[in-house]
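S.K.: sequence and predicted structure are below.
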Amino acid sequence: MTKTTTTISALLLSCVAILPASAGDSSKGGMVLPTPVEPCSDREIQPLFSRYAQTATHWTLRAGYRSFKDVELQEIDEFDGSTYDIELLVPLSDSLQLRFYYPLKTEGDARDIATGGDVDVDGDTGLLDFPSLTLEWQFKKANGVGDYNLAAYLGVGYLRDYLDSETQPNGQTDRINHRGGALLFGIKADKQLNNCWTFVGNVGGRYYWESDDIHPNSDSDRFFLLDASAAFIYAPSNAWIYPAVEVVYQGDVSDYNSLQVVPQVIVPIGSNVDLNAGVSVGVLDDGPSTEGRLQLNVRF
């Protein structure tokens, strides 16, 4: 009888212990159960601008479309147009990867700064972005949530084609961006935050040792631009859409300063494809006033 009574008492005490406490009575009414931890996505989710420090585990092909307004170059301004580009990411080891970038096409309408006339711009290249090959080295690996991945990159870009500018209505043509070379370098970081948020940040620069008519605020064909960006991505497991926001800076911290805020969404398609869409808003006088971007990422 004593043994039975002891067993029943133990069971009753166990039941009381697992009951949730009432509001305001956590110190009196039993044990509060911890909130379940939300599982996070393990996809290699790529924002529009910022690039991860963590070395990719898959070859990744990115195809991009960009529609911009009010871009200024050395000889033209009020440039409204579009650009198509591709990028291939090739992991070489667990800490090294190669990134190949190529602008395919740029077209649009602009104003000739010297004459004020209308200009049609078209060509199989980009604006400030040259075809480039970049080596990336991850020198620090995160040990868990709250720790950073860190990487450095160094690359070279060379111009392969040019843009034709045709003045209206006389049809006079001029070549923009028909020669150029640039050195690319910088540091990248990413960090898994709490509640399925991820931070991705890049700080770097590009030095143009040769260019033609593309400086956004000067007559010099040799110049330096600072590139900096920060992205925050929310990626819970099995979500049908991932929201993100980026802040992107490009300039010389003097005469030319472009700052864009870029809200965006990333839509997973199957297990190896993501579609990104975002609209950037320029908050300073330089750089595009608005810009829409679409980006397709395929991992294989």
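M.R.: Cool, got the structure.
S.K.: please make it C-alpha for all contacts and neighbour counts, starting now.
M.R.: Fine.
S.K.: find the centremost residue of the chain, please.
M.R.: Geometric centre of the chain, nearest residue: Phe49, 2.2 Å, by Cα atoms, centre = their mean.
S.K.: is it true that it touches Asp227?
M.R.: No. Counting by Cα atoms under 8 Å, Phe49 does not reach Asp227; the two are 10.4 Å apart.
S.K.: anything in contact with each of those two?
M.R.: By the contact definition Cα atoms under 8 Å, 6 or more residues apart in numbering, Phe49 and Asp227 are jointly contacted by Val248.
S.K.: could you list the low-pLDDT ranges of this protein?
M.R.: The chain contains residues with pLDDT under 70 at 1-38.
S.K.: the domain parsing of it - what is it?
M.R.: 1-34, 45-299 (automatic domain parsing).
S.K.: right, so the ones you listed: which one is the most enclosed?
M.R.: domain 45-299 (a mean of 19; mean count of other Cα atoms under 10 Å).
S.K.: how far off centre is that domain?
M.R.: Relative to its chain's centre, domain 45-299 lies at 8 Å (Cα atoms, centre = their mean, to the nearest Å).
S.K.: which residue packs closest to Ala230, ignoring adjacent ones?
M.R.: Distance criterion Cα to Cα, 6 or more residues apart in numbering; nearest residue to Ala230, sequence neighbours excluded, is Gly201 at 4.3 Å.
S.K.: distance-wise, check Ala231 relative to Lys188.
M.R.: Ala231 sits at a distance of 12 Å from Lys188 (criterion: Cα to Cα, to the nearest Å).
S.K.: shared neighbours, the two?
M.R.: Joint contacts of Ala231 and Lys188 (Cα under 8 Å, 6+ apart) are Val200, Gly201.
S.K.: before we move on, what SS does Asn195 have?
M.R.: helix (DSSP: H, G, I helix; E, B strand; the rest coil).
S.K.: please give the element, helix or strand, for the residue nearest to the centre of the chain.
M.R.: Secondary structure assignment for Phe49, by DSSP states H and E: no helix or strand.
S.K.: going forward can the numbers begin at 35, since that is how I track them
M.R.: From this message on, residue numbering opens at 35, which makes the last subject Phe83.
S.K.: how about it, what does it touch?
M.R.: Ser263, Glu280, Val282.
S.K.: let's see it at 10 Å
M.R.: Val234, Gly235, Asn236, Ala262, Ser263, Ala264, Ala265, Glu280, Val281, Val282, Val296 (Cα atoms under 10 Å, 6 or more residues apart in numbering).
S.K.: redo these as CSV? Include secondary structure.
M.R.: Converted to CSV, these look like this (three-state DSSP):
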residue, secondary structure
Val234, strand
Gly235, strand
Asn236, strand
Ala262, strand
Ser263, strand
Ala264, strand
Ala265, strand
Glu280, strand
Val281, strand
Val282, strand
Val296, strand
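S.K.: tell me which two of the residues you listed sit farthest apart.
M.R.: Greatest spacing in the contacts of Phe83, by Cα to Cα: Asn236 and Val296 (15.1 Å).
S.K.: who does Leu330 form a beta bridge with?
M.R.: Ala97, Leu309 (DSSP bridges).
S.K.: spit out the contact partners of it.
M.R.: Going by Cα under 10 Å, 6+ apart, Leu330 touches 80, 82, 95-99, 120, 300-301, 307-311.
S.K.: for Ala216, see how far away Phe134 is.
M.R.: The value you get for Phe134 to Ala216, if Cα to Cα is used, is 14 Å.
S.K.: in which helix or strand would I find Tyr242?
M.R.: Residue-wise, Tyr242 maps onto strand 231-244 under DSSP H and E.
S.K.: just checking: what are the partner strands of that strand?
M.R.: Here, using DSSP bridges, strand 231-244 pairs with strand 215-226 (antiparallel), strand 257-268 (antiparallel).
S.K.: turn the ones you listed into TSV, columns for distance to Arg209.
M.R.: Output for the strands paired with strand 231-244, formatted as TSV (distance: least, Cα to Cα, whole Å):
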stretch	distance to Arg209
strand 215-226	16
strand 257-268	20
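S.K.: among those, which is nearest Asp152?
M.R.: Of the strands paired with strand 231-244, nearest to Asp152 by Cα to Cα is strand 257-268, at 27.2 Å.
S.K.: grab the CA positions of the closest one and hand them over as CSV.
M.R.: Presented in CSV, the C-alpha positions along strand 257-268 are these (Å, rounded to 0.1, in the frame of the first residue of the first chain):
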residue,chain,number,x,y,z
PHE,A,257,40.0,57.0,-60.9
PHE,A,258,39.1,55.0,-57.8
LEU,A,259,35.6,54.1,-56.5
LEU,A,260,34.7,52.6,-53.1
ASP,A,261,32.1,49.9,-53.0
ALA,A,262,30.3,49.0,-49.8
SER,A,263,27.0,47.1,-49.2
ALA,A,264,25.1,45.4,-46.4
ALA,A,265,22.2,43.0,-46.7
PHE,A,266,19.9,41.5,-44.2
ILE,A,267,18.0,38.3,-45.3
TYR,A,268,15.2,36.5,-43.4
